[in-house]
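# mind looking at a prediction? Sequence and model below.
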Amino acid sequence: MTTKVMRSTVIHPSILYYGTPVVLITTQNANATANISPMSSSWALGDRVVLGMAETGQGLENLERERECVVNVPGPDLWGAVERLAPTTGRRDVPEFKRAMGYRFVEDKFGEAGLVATPSDLVRPPRIADCPLQLEAHVLAVHRSQPPDFDRGPPSFSMIETKVVRVHAHPAILDEDGKHVDVTKWSPLFYVFRHYFRTGTRLGHTFKTRSPGERDQEH
């Protein structure tokens with residue numbers, strides 16, 4: 001039997017966003033207004049969601065102070081709103097390196113993106129009503145890589161461990177029982193090497209989940 005050897009090439013990509021879902025993190029500013037931080041560095045395990053944030057951003061400052069947030073998961077139709085937020089910052093004192101990249105201060109992030117705020121149940125930051133999934137969360141720990149340098153940049157990054165305390169979902173993406181997300185109705189917005197994509201055709205399912213048409217309690 002002949003084994004085919006797959007050849008590879010060493011490359012040096014400018015960014016390693018190989019394909020991760022976009023999330024919009026809502027936090028509360030010191031003056032009780034809301035901030036939105038678009039990002040694609042997050043992962044979930046159980047009821048924990050870990051976020052990766054630039055240390056010079058307003059979002060991280062808010063998370064450290066308030067210790068709570070909402071992880072809003074947009075669908076593909078919201079990519080334009082995400083991109084409108086991309087060059088904005090909630091910091092009035094925009095770091096010079098970010099200003100040189102085209103970032104600008106925006107106080108009303110909801111208005112800038114054309115998104116709708118709705119009250120949360122268990123945390124102070126609002127949810128984004130437009131997002132099909134909204135996860136209210138408490139901050140458990142912030143792991144800084146190094147003290148931020150607001151003048152020199154570029155920024156270092158911190159990892160924020162959060163615990164999800166409530167999940168909201170649009171009825172349109174749920175199964176007929178209204179208890180679980182129907183993956184045939186829901187597609188996250190993916191960020192792949194700085195381009196936006198939606199999911200394609202479903203290829204199959206893992207042994208841990210129910211297959212289409214089956215009804216069991218494990219999900």
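Arrived safely, thanks for sending.

# mind pulling up the pLDDT for the nearest residue to Val94 once chain neighbours are set aside?
Computed as Cβ to Cβ, 6 or more residues apart in numbering, the closest residue to Val94 that is not its neighbour in sequence is Phe105, at 5.4 Å. Quick note: C-beta positions are derived from backbone N, CA and C, even for glycine. Among the per-residue scores, Phe105 holds a pLDDT of 94.

# ok, now which ones touch the residue nearest to the spatial centre of the chain?
Nearest to the mean C-alpha position of the chain, counting by Cα atoms, centre = their mean, stands Val23 at 1.9 Å. For Val23, the contact set (Cβ atoms under 8 Å, 6 or more residues apart in numbering) comprises 38-40, 42, 51, 71-74.

# ok, the residue nearest to Val94 to Gly57 distance?
Note on Phe105: its distance to Gly57, by Cβ to Cβ, to the nearest Å, is 12 Å.

# what touches both of these two?
89-91.

# which of these ranks first by neighbour count?
Using other Cβ atoms under 10 Å as the neighbour test, these are led by Thr89, with 23 neighbours.

# need phi/psi at that residue.
When read as degrees, to the nearest 10, the backbone of Thr89 gives phi -140, psi 150.

# who has more neighbours, Phe105 and Gly57?
Taking other Cβ under 10 Å, Phe105 and Gly57 do not tie; Gly57 has more neighbours (25 against 14).

# buried ones in the helix or strand of the chain with the lowest mean pLDDT, by neighbour count?
Least confident helix or strand of the chain, by mean pLDDT, DSSP states H and E, is helix 96-100 with a mean of 88. Judged by neighbour count using 16 or more other Cβ atoms under 10 Å, the buried positions of helix 96-100 are 97-98.

# in PDB, could you pull the C-alpha coordinates for that helix?
Output in PDB follows, covering the C-alpha atoms of helix 96-100 (Å, rounded to 0.1, in the frame of the first residue of the first chain):
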ATOM      1  CA  GLU A  96      -0.700  57.000  18.900                       C
ATOM      2  CA  PHE A  97       0.100  53.700  17.200                       C
ATOM      3  CA  LYS A  98      -3.700  53.000  16.900                       C
ATOM      4  CA  ARG A  99      -4.300  56.500  15.600                       C
ATOM      5  CA  ALA A 100      -1.700  55.800  12.900                       C
END
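
# and the contacts of the longest helix along the chain?
Secondary structure assigned by DSSP state H gives helix 58-66 as the longest helix of the chain. The contact list for helix 58-66 (Cβ under 8 Å, 6+ apart) reads 25, 27-30, 35, 37, 39, 53-54, 69, 89-91, 124-125, 139, 142, 158, 160.
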